[in-house]
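J.: fold the stuff below for me.
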Amino acid sequence: MMGIAVACAVAGAFFLAFGAQRQGSAVQSNTGGLALGGSSLLRLIRNPRWVVGLLLLGAGMVLNVVALTLGTLTVIQPIGAIALVITTIVNSRDQGLRINRATVVAISACVTGSALFVLLAVNVVSENTHVTVQQELTVVLLLAVVLGIFGGALVMFKHKLKAFFYILGAGVLFGFVAVLTRIISKQFFDPNGLFLLNVQWYSIIAIAAAGGLGSWFVQSAYASGPPDLVIAGLTVIDPMIGIAIGIVILGELRPDVPPVIAISMAGAALLAIVGVVALSRHHPDVVKRRADAKREPRK
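T.: Numbers count the residues shown, from 1 in each chain. Now for the predicted structure:
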């Protein structure tokens, strides 16, 4: 089973990488690097490249779910970071860009930091089989605050926001989506046989709002930055937020965690986040856009 799980995870990473690249190039060609709007989204729905990218992303997500079902988090989760490497190579070739040394270092930091964080976390997190109503409400209320912050920033500073904001927002929001998906699935498959009657209405609204705004952020990130940055946010920030919520709110941290492990987890998370920030500043596509913007006023 583990061999099949690994194969599904690797295949899922490839689908995710190529799907992101297809959607990213479609969004940029439709928006010209400008902020994503309602009319732009309608054009994208009719764009074959964007639709193909959506189908590839969907296939990648399904394969990843299968991999996590058949395998273990320790083995499967770090494999997702392969998508970042693949997306960078594919996008650079598609755009005719040369991968610079700073990009290689940034990607290495993202992959190494996220892999170490997950590997350390799974050894100190205990499986919590029951989520209380108070814990679920805490997650939903915290998500409401996060939605207010990111949504408010989007409304007030829409034309001033950079790619990193959208990447950070998408990663945080999809981290909440993962946690709520887990909570809802446990409620749905509760042995009492009530299925949907166990699921709380506010969690359904919360996951829909987070998923909707997170998806908009992903498309906006495609419009203002390369697709590898989007993948970096989703494969680095998303699992860290999910694990952090599990530890802080759902009480999944074992009481006997050595201080050295906790410090190492913080260091790994910092390394991965620094990698994402560096990628957002030194990626060849970003450098090219910055150079073009400096030359434009002279015309």
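J.: and the pLDDT for residue 154?
T.: Per-residue pLDDT puts residue 154 at 90.
J.: same check, this time on the one 3 residues further on
T.: You'll see residue 157 listed with a pLDDT of 86.
J.: quickly find the element holding residue 270.
T.: helix 259-282 (DSSP states H and E).
J.: kindly report the same for residue 18.
T.: helix 2-31.
J.: against which helices or strands is that helix packed?
T.: helix 38-45, helix 48-70, helix 73-76, helix 82-95, helix 201-224, helix 227-232 (3 or more Cβ pairs under 8 Å, 6 or more residues apart in numbering; DSSP states H and E). All C-beta atoms are positioned from the backbone trio N, CA, C, and that covers glycine.
J.: quick one: the first one to helix 2-31, angle?
T.: Computed by axes from the mean of the first three to the mean of the last three Cα atoms, to 10 degrees, the angle separating helix 38-45 from helix 2-31 equals 130 degrees.
J.: hmm, back to that, and the helix holding residue 18, what's buried?
T.: For helix 2-31, burial by neighbour count (16 or more other Cβ atoms under 10 Å) applies to 5-6, 8-28, 30-31.
J.: go on, stretch 180-200?
T.: 180-184, 187, 199-200.
J.: export the residues you listed to TSV and tack on secondary structure?
T.: Listed next are those as TSV, based on DSSP: H, G, I helix; E, B strand; the rest coil:
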residue	secondary structure
180	helix
181	helix
182	helix
183	helix
184	helix
187	helix
199	coil
200	coil
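J.: now, which of those residues sits nearest residue 228?
T.: Checking the buried residues of stretch 180-200 against residue 228 with Cβ to Cβ, the nearest one is residue 181 at 25.2 Å.
J.: OK, contacts around that closest one?
T.: Shown in contact with residue 181 (Cβ atoms under 8 Å, 6 or more residues apart in numbering): residue 207.
J.: so it versus residue 175, what's the distance?
T.: To residue 175, residue 181 is 11 Å away according to Cβ to Cβ, to the nearest Å.
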